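> Okay, predicted coordinates and the sequence, questions at the end:
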Amino acid sequence: MDAQVLAFDTVSLNIPKADWSFFKALVKKMGWEINKKSKPRKKRLYDPETGKYLNDETMKVIEDAENGIGLIKVGSMEEYLKLVENI
């Protein structure tokens, strides 16, 4: 008896976390194969004063500053005060 060659389709699904265990059981019962790939999560910072997370625009400014983008360097507090007087 020759081994049967099966054709497969690869699909991408978004499954609610609450249904994940049911889905895994279904996959096992059907003899399917799954490879779970988690989406990379966006960095988020929580503001305890407002009880909210910072928005995308604010996070972009923070990430830019962490990467040295858009920074103004001053040597002293006097230089800083002189700089902000002109803004």
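Nice, I can see it.

> tell me the mean pLDDT over stretch 72-84?
Stretch 72-84 shows a mean pLDDT of 88.

> Show residues contacting stretch 44-62.
42, 43, 70 (Cβ atoms under 8 Å, 6 or more residues apart in numbering). Using the backbone N, CA and C atoms, a C-beta is placed for each residue, glycine as well.

> residues of it that come out buried?
residue 54 (16 or more other Cβ atoms under 10 Å).

> as a whole number, average confidence for it?
Stretch 44-62 comes out at a mean pLDDT of 91.

> just stretch 12-25 next, same as before
So the average pLDDT for stretch 12-25 ends up being 90.

> Identify the residues contacting it?
Contacts to stretch 12-25, defined as Cβ under 8 Å, 6+ apart, come from residues residue 34.

> Figure out the length between the terminal residues of that stretch.
Start-to-end span of stretch 12-25 (Cα to Cα, to the nearest Å) is 18 Å.

> about what we covered before: by neighbours, which of the contacts of stretch 44-62 wins?
If you count neighbours using other Cβ atoms under 10 Å, the busiest of the contacts of stretch 44-62 is residue 43, which has 10 neighbours.

> ok so, going back, using JSON lines, lay out the contacts of stretch 44-62 together with distance to residue 32 and secondary structure.
Listed next are the contacts of stretch 44-62 as JSON lines, based on distance: Cβ to Cβ, whole Å; DSSP: H, G, I helix; E, B strand; the rest coil:
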{"residue": "42", "distance to residue 32": "31", "secondary structure": "coil"}
{"residue": "43", "distance to residue 32": "34", "secondary structure": "coil"}
{"residue": "70", "distance to residue 32": "49", "secondary structure": "coil"}
